[in-house]
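*Asks:* heads up, no residue letters with this:
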């Protein structure tokens, strides 16, 4: 396990939350010019090839013969399920409700990290994770109008489940693969799958290759996909997955603020109430009981 300084961890978290937050309005705007699944595939593949430039000097650490299956599993969970179900699911239900269900992920991540990563679980952390989810739900409540389908709910749950399992899988296998190769190959594999799937059901001729779309595609590919996933898994590999997951509750908040600025969407009272829930949630997840802190100081750390 690679430990990060508090300053570097804070910088990575800030970058991640901002980039993944503004990704929602940017992607929503880009969908005026492109079909959703093809867009998801293109930005993911481009992000993977951008990271490939930095991964190639470490080709000796690839060890593809022994670890190829790990890259495919990670691509399935973190890219194919997460981005694929996300783009399809938004066609079935309001974006606010869909994002609220997807951000059940930190709660699932906290449970899975307790089961498979042996991370500590205690009452305050459970309360914090649940409160954070309710905070996201309150923030997203303005988007609950419209038709709600069972298919959309199942797709959102699948998206959340894939992301949570993918994060635990990365943490669990982190000592068997090089981190940058893991992120690079999962993006390339997942991206090509999404492009193939999109090519079957969507039309390439529907894409409008103008300056706004190209600019968003490049920005999202570089900063949201390539650098965002690398920052996320760097944070996951350096500490407790459930604690990093708690900070992702802030992403819908950033998304709504960015949407208000760039897409002129309204900011409501629910935003401030949800923000209060999220702040308390993060505090609860990051506060350790004294008895647990003393116990961890006595026991040797496992990496």
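*Replies:* Looks like it arrived, so ask away. These numbers were taken from a predicted model, which means no experiment stands behind them.

*Asks:* wait, residue 39 sits on residue 28?
*Replies:* No - when contacts are counted by Cβ atoms under 8 Å, residue 39 is not listed as touching residue 28 (10.8 Å). The way it works is simple: take the backbone N, C-alpha and C, and place the C-beta from them, glycine included.

*Asks:* of the two, who's got more company?
*Replies:* residue 39 (25 against 16; other Cβ atoms under 10 Å).

*Asks:* against residue 221, how distant is that one?
*Replies:* 11 Å (Cβ to Cβ, to the nearest Å).

*Asks:* what's the answer for residue 67, then?
*Replies:* Residue 67 is 25 Å from residue 221, by Cβ to Cβ.

*Asks:* higher neighbour count, the two?
*Replies:* residue 221 (22 against 18).

*Asks:* does the more buried one really touch residue 41, like I thought?
*Replies:* No - using Cβ under 8 Å, residue 221 is not in contact with residue 41; the gap is 11.2 Å.

*Asks:* sticking with the closest residue to residue 222 other than its chain neighbours, tell me its helix or strand.
*Replies:* Among residues not flanking residue 222 along the chain, residue 50 sits closest, at 5.8 Å (Cβ to Cβ, 6 or more residues apart in numbering). Using DSSP states H and E, residue 50 sits in helix 36-55.

*Asks:* what does residue 183 give?
*Replies:* Here residue 183 is assigned to helix 179-201, by DSSP H and E.

*Asks:* and the angle from that helix to helix 36-55?
*Replies:* Using axes from the mean of the first three to the mean of the last three Cα atoms, to 10 degrees, the inter-axis angle of helix 179-201 relative to helix 36-55 is 150 degrees.

*Asks:* counting by contacts, list what helix 179-201 packs against.
*Replies:* helix 36-55, helix 64-75, helix 82-89, helix 227-238 (3 or more Cβ pairs under 8 Å, 6 or more residues apart in numbering; DSSP states H and E).

*Asks:* isn't residue 70 up against residue 176?
*Replies:* Yes - if you go by Cβ under 8 Å, residue 70 and residue 176 touch, sitting 6.6 Å apart.

*Asks:* so these two - more neighbours on which side?
*Replies:* Looking at residue 70 and residue 176 with other Cβ under 10 Å, you find the greater number of neighbours at residue 70, namely 21 against 11.

*Asks:* what's the distance between that one and residue 230?
*Replies:* For residue 70, the distance to residue 230 - Cβ to Cβ - is 17 Å.

*Asks:* check residue 5 too.
*Replies:* 18 Å.

*Asks:* per-residue pLDDT, residue 165?
*Replies:* pLDDT for residue 165: 94.

*Asks:* check contacts around it.
*Replies:* Residues near residue 165 by Cβ atoms under 8 Å, 6 or more residues apart in numbering: 77, 112.

*Asks:* now do the strand or helix carrying it: distance to the chain's middle.
*Replies:* Using DSSP H and E, residue 165 sits within helix 150-172. Relative to the chain's own centre, helix 150-172 is displaced by 10 Å; criterion: Cα atoms, centre = their mean, to the nearest Å.

*Asks:* what do you get for stretch 124-144?
*Replies:* 16 Å.

*Asks:* same deal with stretch 273-292?
*Replies:* Counting by Cα atoms, centre = their mean, stretch 273-292 comes out at 20 Å from the chain centroid.
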